[in-house]
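Novice: Okay, here's the prediction I keep looking at, along with the sequence it came from:
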Amino acid sequence: MNTLKIAITQFELRAEPSTAAFLAHVESLVSEAAAAGAAVVVLPELASTGLLASLDRTVTAATVADDYRNGLTRSTDAIVDGLVRMAREHDIVVVGGSHNRTADDGSLRNTAYIVFPDGRVQQQDKIHLTPPEHAMGTQGGGDLLVTTIGPFTVGLLICADIQFPELSRSLVERGVELIICPSLTWNRRGVHRVRLGCQARAMENQAYVVMSPLVGHSGLPADSPLYAIGRAFAACPVDRTFGRNNGILAEATGDKEEIVHVELDRELLLASRAKPETPGLKLRRTDLYPKLLADSGN
């Protein structure tokens, strides 16, 4: 089997009164994805942000950094346990989005999880952090995960990480054919940065890229609510093999919670790489790149 059915969630940010309520929300989408025949379901960056509503004080702009660090992190272990149970019971790979966690060294990390039906859990920390994440003391990761899902070699880039071509090229050099991008953006500029980044990485690497966003708001922080926006989609190379002039295979139809279903064909991707319409990976001037980097002083 050389195809992979993926359910990309456009996940609603809502006030979640408890970890159990949040997991029930997640499972409603996981079960729907599994029932539709998906082998993989993808959740967005900081998918558990709605759990700010479960804390024992009103979250404001003045408290939100502490609430992210000392509030949301309390639920992360229980969330991962819940994702493991869902993956097993629904026989589906759950790319569980990312969540704040406290690392062994005490630092705050933005960590994405991939959970398999056999109980395996793989994780990767976000590498390139936003100014608000730096301000609250989050620490960026230093490693890239490469894994296998179905017939595909898979990598993970969290939101802003998709904007840095060095990361995706490193993944592709390690055999990656599919990049999964959990995302959270709160203005149109952010939406376009991530969307255009995903499309560019798909084009330049002749790879599939799927992006899952958080959408909506929970009313928190109370004095400056976060409004999450974005459109779930799957991108592919822009060439004759795929026949998609804009490189979009599938995308959400509205701004509310929904699931985008797409079936990715590995043989089609390999055909694109073998006979590129544009220079593509096969016709790169790799002999020239070290000289250009040396000339730039890097």
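Specialist: Looks like it came in fine. Numbers count the residues shown, from 1 in each chain.

Novice: quick one, strands of the stretch 101-250 of the chain?
Specialist: Ranges of strands in the stretch 101-250 of the chain, per DSSP state E, counting those that start in this stretch, are 108-115, 121-125, 146-149, 152-156, 178-183, 208-215, 233-235, 248-251.

Novice: Pipe those strands into CSV and attach mean pLDDT per row.
Specialist: Putting the strands of the stretch 101-250 of the chain into CSV (pLDDT from 0 to 100) gives the following:
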stretch, mean pLDDT
strand 108-115, 98
strand 121-125, 98
strand 146-149, 98
strand 152-156, 98
strand 178-183, 98
strand 208-215, 98
strand 233-235, 98
strand 248-251, 97
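
Novice: could those go into TSV alongside mean neighbour count and distance to P279?
Specialist: Yep, even glycine has a C-beta here, placed from its N, CA and C like the rest. Below are the strands of the stretch 101-250 of the chain laid out as TSV (neighbours: other Cβ atoms under 10 Å; distance: least, Cβ to Cβ, whole Å):
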stretch	mean neighbour count	distance to P279
strand 108-115	24	32
strand 121-125	19	30
strand 146-149	15	25
strand 152-156	24	22
strand 178-183	28	20
strand 208-215	28	19
strand 233-235	25	19
strand 248-251	18	22
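
Novice: Switch those over to TSV; also include distance to E277.
Specialist: Compiled in TSV, those are given as follows (distance: least, Cβ to Cβ, whole Å):
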stretch	distance to E277
strand 108-115	32
strand 121-125	32
strand 146-149	27
strand 152-156	22
strand 178-183	20
strand 208-215	17
strand 233-235	16
strand 248-251	17
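
Novice: Pick out the residue closest to the middle of the protein.
Specialist: P182 (1.7 Å; Cα atoms, centre = their mean).

Novice: Quick check: closest non-adjacent residue to that residue.
Specialist: E45 (4.3 Å; Cβ to Cβ, 6 or more residues apart in numbering).

Novice: Tell me the secondary structure of that neighbour, please.
Specialist: coil (DSSP: H, G, I helix; E, B strand; the rest coil).

Novice: how close does it sit to V215?
Specialist: 12 Å (Cβ to Cβ, to the nearest Å).

Novice: ditto for E204
Specialist: Taken as Cβ to Cβ, the span from E204 to V215 is 28 Å.

Novice: try Y113
Specialist: Taking Cβ to Cβ, one finds Y113 at 20 Å from V215.

Novice: Residues in contact with stretch 29-47: which ones?
Specialist: Stretch 29-47 is contacted from outside by 4-9, 11, 26, 86, 90-100, 110, 112, 126, 149-150, 158-159, 180, 182-184, 210, 212-214, 230, 257, 259, 261, using Cβ atoms under 8 Å, 6 or more residues apart in numbering.
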